[in-house]
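Colleague: Attaching a predicted model along with its sequence, questions to come.
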Amino acid sequence: MSSTIVVAGVTSLYMAMPVAEFPLPYEAQRFPEWMRAEVSGAACHIASTLHTLGDEARLCTLVGKDLAGEAIDTALRARGLRGPGVVTAPRSSLGVVLVASDGRRSGHPYVAAVNTVEYPIEVFRGLIAGADLAVLTNTAFVRPLLGHARERGVPIAVDVHLITDVDDAYNRPWLEVADIIFCSHERLPYPPRQWMAKIFQRYPGCAVAAVGLGGRGCVMGVADGALVKVEAVAPRGVVSTAGAGDALFASFVHSWLATRNPVTALEDAVLHAGWKVGDTFPGATSLTAAELARLRESHPVTTFLDRWDGDG
């Protein structure tokens, strides 16, 4: 089943390269084993994943009138993402990701070039019409778009990444309108079950709250009290975890809209993200829905059901 999903946020030209370990020791010069330049960024990666899975992904992003912008524009056209939501800006956003031998990553996004740009509201309003869902990433230029998505009655999914507080001042505008909330476990002050309880209490409009656990998979709470835990699986091994959270989030959104089954959706998401991290640049490759279904047959995932509200 195909869905129409608006994705708003950053598209960046990224460089990725390996490092021996973290923290990174000083060396005057190194000759890395590999290096890649790819077009990614949260919105681009999410939209590309959705598009490859078979959805209509309407990307709302900014592309600079610079050398990086030329590369970004070429990549978006090649991926079928260069639509009316791609707006010209003075400069493009950039990024560098360092990847350790165990797959851990250290990302360095440079989004200052687009943070102060005002995304045209009418362009967004035109694209949100008739959409099944809006994925509104938590980059600065997306904030003014939140109310317009809510006014149109379009469900909203957000990933607040390395959040530390349910009342986080920066992310609160996104949390207050979100139907689906994802985040990483890396900086949470509470265990995931307690975090979910606080999210559902503080934001009663939220229907699904999920926490990515890295190498331990993902745990998700549903507003009715159900808890779903899916253990990680990496069919190709782990090369780089850069963008793993975006892959998890995008894959869940696709399957959730297609099936309305939170268990199936989270299983698909964990498996697809686990497959992606077997690449040196996970944001540059995705499976189709048919390929993901075949992968499920050869690599079953382990799922546990419980309650986050203590009633189970």
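Modeller: Looks like it came in fine.
Colleague: Correct me if wrong: residue 188 contacts residue 164.
Modeller: Yes - here residue 188 reaches residue 164: they are 6.9 Å apart, a contact under C-beta atoms under 8 Å. To be clear about C-beta, it is placed using only N, CA and C from the backbone, and glycine gets the same treatment.
Colleague: So between these two, which is more surrounded?
Modeller: Neighbour tally, residue 188 and residue 164, criterion other C-beta atoms under 10 Å: the higher count belongs to residue 188, 17 against 13.
Colleague: List the contacts of that one.
Modeller: 163-164, 195, 211 (C-beta atoms under 8 Å, 6 or more residues apart in numbering).
Colleague: Look up the closest residue to residue 64, ignoring the ones flanking it.
Modeller: Counting by C-beta to C-beta, 6 or more residues apart in numbering, residue 64 lies nearest to residue 92, which is 3.3 Å off, once chain neighbours are set aside.
Colleague: Number of residues surrounding that neighbour?
Modeller: 27.
Colleague: thinking again about what came up before, now intersect the contacts of residue 188 with the helices, please.
Modeller: Taking DSSP state H, the ones among the contacts of residue 188 that sit in helices are residue 195.
Colleague: Just the buried ones among the contacts of residue 188, please.
Modeller: 163, 195, 211 (16 or more other C-beta atoms under 10 Å).
Colleague: Hmm, the second one is touching residue 210, no?
Modeller: If I follow you right, that is residue 195. No - here residue 195 does not reach residue 210: they are 10.3 Å apart, not a contact under C-beta under 8 Å.
Colleague: Quick check: neighbours shared by those two?
Modeller: By C-beta under 8 Å, 6+ apart, the residues touching both residue 195 and residue 210 are residue 183.
Colleague: coming back round to it: would you convert the buried ones among the contacts of residue 188 into a markdown table that also reports pLDDT and distance to residue 56?
Modeller: What follows is these, written out as a markdown table (pLDDT from 0 to 100; distance: C-beta to C-beta, whole Å):
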| residue | pLDDT | distance to residue 56 |
| --- | --- | --- |
| 163 | 96 | 29 |
| 195 | 97 | 33 |
| 211 | 98 | 29 |
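Colleague: Select the longest strand from the chain.
Modeller: strand 56-64 (DSSP state E).
Colleague: So which elements touch it?
Modeller: Using 3 or more C-beta pairs under 8 Å, 6 or more residues apart in numbering; DSSP states H and E, the elements in contact with strand 56-64 are strand 4-8, helix 42-53, helix 67-78, strand 86-89, helix 112-115, helix 121-128.
Colleague: Of all the ones you listed, which one is nearest residue 291?
Modeller: Proximity to residue 291 (C-beta to C-beta) singles out helix 42-53 among the helices and strands packed on strand 56-64, at 9.0 Å.
Colleague: Next, the angle from that closest one to strand 56-64.
Modeller: If you take axes from the mean of the first three to the mean of the last three C-alpha atoms, to 10 degrees, helix 42-53 sits at 150 degrees to strand 56-64.
Colleague: Show which residues not belonging to helix 42-53 make contact with it.
Modeller: Identification of contacts with helix 42-53 by C-beta under 8 Å, 6+ apart yields 5, 7-12, 57-61, 76, 79-81, 135, 137, 139, 159, 243, 246-247, 249-251, 253-254, 272, 283, 286-289, 292.
Colleague: Quick check: closest non-adjacent residue to residue 40.
Modeller: residue 283 (3.6 Å).
Colleague: Can you give me the neighbour number for that neighbour?
Modeller: 27.
Colleague: show me what contacts it?
Modeller: 14, 38, 40, 44-45, 48, 242-243, 246-247, 276.
Colleague: my read is it is in a strand, agree?
Modeller: No - assessed with DSSP: H, G, I helix; E, B strand; the rest coil, residue 283 is helix; it does not lie in a strand.
Colleague: Off-centre distance for the helix or strand bottoming out on mean pLDDT in the chain?
Modeller: Ranked by mean pLDDT, DSSP states H and E, the weakest helix or strand in the chain is helix 112-115, scoring a mean of 92. Offset of helix 112-115 from its chain centre (C-alpha atoms, centre = their mean, to the nearest Å): 19 Å.
Colleague: Can you spell out which helices and strands pack onto that helix?
Modeller: Helix 112-115 packs on strand 56-64, strand 93-99, going by 3+ C-beta pairs under 8 Å, 6+ apart.
Colleague: and that helix, which residues are buried?
Modeller: In helix 112-115, counting by 16+ other C-beta under 10 Å, buried: 113-114.
Colleague: And for stretch 215-224?
Modeller: Here stretch 215-224 shows 217-223 as buried, counting by 16+ other C-beta under 10 Å.
Colleague: same question, stretch 229-246
Modeller: Those buried within stretch 229-246 under the rule 16+ other C-beta under 10 Å are 229-234, 238-246.
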